[in-house]
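Colleague: When you get a sec, could you give me coordinates for this:
(chains A and B)
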Amino acid sequence: MSLKKKAYKETKVDGMYIIDIDPADFEFKGSTPREMLFNAIQDFIKSATKLKQHFDSEMKHASTTPGGS
Amino acid sequence: MEKISLIYVLPLLSLVIILVRLPEIDRWLRSHYTNAPFLIALILGGSTILMHIITVVAPLKKYERLENNKWTVIDNLIATYLDHEIFRGAPLVANIMVPKRVLYSTREPVPVTSSVFRRIITRFFIRRLDVVWLSPGNMMNKQFRITARQGITGKAYTTGRTLIRDIPGSIDQLNFTEQQKATISGNGFVASTPIFAFDRKYSRSNRKIIGVVTFSSSIPGSEKIIKSERNREILRENITEFSRICSFIL
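Modeller: Okay, the predicted model is just below:
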């Protein structure tokens, strides 16, 4: 993960979820811009995979009907 | 630029000397071969053009190709990781918008109660958000164009924060005109985050916002996805990672 680990904090205003974002929290790994871009892409892929796994498991739970004959 | 222009000086100077036909030089050249001035002029002219192609045109073409490839990188990322795999039945549409200052725009609604002067003045020097990239396989209504003071995307741009909102509950709070509202489905959710400029000198992002990334799903019922805090947290993490990639590319 290339964002500095901070507890997720959001504010809800008029139904909208607002999350503060500080560019200083972005950590760029690598010594050249190309390397940094490559690492950022890798981080995105990891995060997207995590998102997919989370939703897959959530949908699995939702589709499991309790009991029944 | 000055260094590059030096490579043209010698051949062009020789070319001019031959073309103005200075008597001594012309006589001396013709004493070797009758058509020597023409041949030398042809070689010098040709070599100058060739040098220009090699040193200026070819590298520029290469950079143009690289410039076009940046979208290919994003296309592939999105096609593989967002559209097809993540939300089954509720695919995400991603877009990147960049601000553009325009002299006059009638896209923002003006309160009927405001004075004529105010109605006119608010239409000048508007910051419009133009779509520069849309995830492959998706289409956007060309009539749907917004300013930096409209929609979740506009708010994310002006506030510099990540915003997540369901559309059915917010459609009337987004400062859209009736015409704009008619062009969107009114379903699903939207998540937007600013793209911060990347400072190559210090290898870090600065506070300047150069664009906005928006992930949205317009499938009816997909707004339920953002009801869970955990879902919003992971969605925020993902969109922020994506905006970080964009800060390198834009």
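Colleague: what ranges of chain B fall below the confidence cut-off?
Modeller: Across chain B, the ranges flagged by pLDDT under 70 are B:1-6, B:62-63, B:65-68, B:79-90.
Colleague: do that again at 50, thanks
Modeller: Scanning chain B for pLDDT under 50 picks out no residues.
Colleague: Which parts of chain B are strands?
Modeller: Ranges of strands within chain B are B:93-104, B:124-134, B:146-147, B:162-166, B:189-199, B:204-217, based on DSSP state E.
Colleague: Dump those strands into CSV; add distance to chain A and mean neighbour count as well.
Modeller: For glycine as for every other residue, the C-beta is placed from the backbone atoms N, C-alpha and C. Output for the strands of chain B, formatted as CSV (distance: least, Cβ to the nearest Cβ, whole Å; neighbours: other Cβ atoms under 10 Å in any protein chain shown):
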stretch, distance to chain A, mean neighbour count
strand B:93-104, 11, 17
strand B:124-134, 15, 16
strand B:146-147, 16, 21
strand B:162-166, 4, 24
strand B:189-199, 4, 24
strand B:204-217, 4, 20
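Colleague: any chance of those in a markdown table, with distance to A:Pro33 too?
Modeller: Formatted as a markdown table, the strands of chain B follow (distance: least, Cβ to Cβ, whole Å):
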| stretch | distance to A:Pro33 |
| --- | --- |
| strand B:93-104 | 19 |
| strand B:124-134 | 20 |
| strand B:146-147 | 31 |
| strand B:162-166 | 24 |
| strand B:189-199 | 8 |
| strand B:204-217 | 12 |
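Colleague: right, and those - which one's nearest A:Met36?
Modeller: A:Met36 lies closest to strand B:189-199 among the strands of chain B, at 8.4 Å (Cβ to Cβ).
Colleague: Which neighbours in the sheet does that closest one have, and how are they oriented?
Modeller: Its sheet considered, strand B:189-199 pairs with strand B:162-166 (antiparallel), strand B:204-217 (antiparallel) by DSSP bridges.
Colleague: Endpoint to endpoint, stretch A:20-39 covers what distance?
Modeller: Chord length of stretch A:20-39, first to last residue, is 24 Å (Cα to Cα, to the nearest Å).
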